[in-house]
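Asker: compute the structure for the input listed below.
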Amino acid sequence: MSEADNRVREIKGLLDRLGLPMGDPALFDQALTHSSRVAESKDAPGDYESLEFLGDAVLGLSVAHHLFHTLPDCTPGEYSRMRASLVNRRVVARVARELDIVPLIRLGKGEELSGGRRRTALMADCLESLIGAVYLDSGWQTAHEFVIRVFARELARVHEADRVWDFKSRLQNLCHAEHIDLPSFVVVRSDGPDHKKKFEIEVHLRGRPAGRGKGLSKKEAEQRAARQALENEGMCFD
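Answerer: Numbering: from 1, shown residues only. Coordinates of the predicted model:
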């Protein structure tokens with residue numbers, strides 16, 4: 001078996017393990033080839049850098065799409081913070097290690113000897129380039145489903161964090177524990193055009209104002225009002 005045939009077999013084995021189809025093996029070979037290998041070999045198909053650029057965009061859109069549909073009513077700032085906690089080199093590299101794609105990355109001799117295979121940036125870039133290759137080879141839906149599947153643990157962490165920092169639910173639980181009526185939230189101010197309204201909400205406990213919060217959505221304003229009420233009740237947060 002030739003070196004080229006062996007490479008195709010290795011790539012197909014990886015894609016089978018990841019539950020992905022393979023139309024163009026050269027595309028995936030490129031996605032897993034570092035520029036240092038291209039510089040040393042005339043047979044290399046090209047490096048992963050352009051595919052990494054595309055895959056980064058596909059990854060960001062997939063995560064944004066998922067967050068928008070599974071965590072409705074968040075503000076743009078909240079969505080951006082959640083996406084940033086997922087789409088960063090540290091997290092992407094961790095997923096790449098878990099998927100065990102690192103052994104298939106082709107490096108030049110110098111890069112290999114200098115420990116390039118262990119570099120966080122390289123691992124993250126190669127997973128993003130692989131996502132870009134999946135997108136070109138099989139389309140958006142397959143690429144999106146792949147992203148959501150392999151980032152499932154990280155997405156679950158974000159969802160759990162959203163629940164942990166749900167101050168409104170904490171306040172309601174406090175009311176249950178104290179055997180008092182549930183809090184009521186009242187919009188005291190709403191300013192700005194429809195596409196960019198700002199809300200100010202007051203929360204009432206025991207029949208009197210307990211906290212206020214402002215936000216670009218009612219949900220955000222309620223959360224901030226609930227947090228202030230909890231702080232006034234003696235609960236502190238970092």
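Asker: tally of neighbours for residue 139?
Answerer: By the criterion of other Cβ atoms under 10 Å, residue 139 has 10 neighbours. From N, CA and C alone the C-beta is placed, and that goes for glycine too.
Asker: sorry, that was for residue 2
Answerer: Neighbour tally, residue 2, other Cβ under 10 Å: 7.
Asker: tell me the spacing between it and residue 132.
Answerer: To residue 132, residue 2 is 27 Å away according to Cβ to Cβ, to the nearest Å.
Asker: and if you look at residue 47?
Answerer: 12 Å.
Asker: the two: which is more packed in?
Answerer: Each of residue 47 and residue 132 has its neighbours counted (other Cβ under 10 Å); residue 132 has more, 25 against 21.
Asker: Provide a list of residues in contact with that one.
Answerer: By Cβ atoms under 8 Å, 6 or more residues apart in numbering, the residues touching residue 132 are 31, 51, 52, 53, 54, 55, 56, 58.
Asker: how's this protein carved up into domains?
Answerer: 3-163, 166-232 (automatic domain parsing).
Asker: need those domains in JSON lines (columns: mean pLDDT).
Answerer: Formatted as JSON lines, these follow (pLDDT from 0 to 100):
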{"stretch": "domain 3-163", "mean pLDDT": "90"}
{"stretch": "domain 166-232", "mean pLDDT": "89"}
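Asker: was I right to think residue 8 contacts residue 28?
Answerer: No - counting by Cβ atoms under 8 Å, residue 8 does not reach residue 28; the two are 9.1 Å apart.
Asker: these two: who's more crowded?
Answerer: Remark: of residue 8 and residue 28, residue 28 carries more neighbours, 28 against 17, as counted by other Cβ under 10 Å.
Asker: how many neighbours does residue 203 have?
Answerer: 26.
Asker: how about it: what's its closest non-neighbour residue?
Answerer: Leaving out its chain neighbours, the residue that sits closest to residue 203 by Cβ to Cβ, 6 or more residues apart in numbering is residue 225, at 4.3 Å.
Asker: on that earlier part again, just the buried ones from the contacts of residue 132?
Answerer: 31, 51, 52, 54, 55, 56, 58 (16 or more other Cβ atoms under 10 Å).
Asker: closest to residue 212 among those?
Answerer: Closest to residue 212 out of these is residue 56 (40.0 Å), distances taken as Cβ to Cβ.
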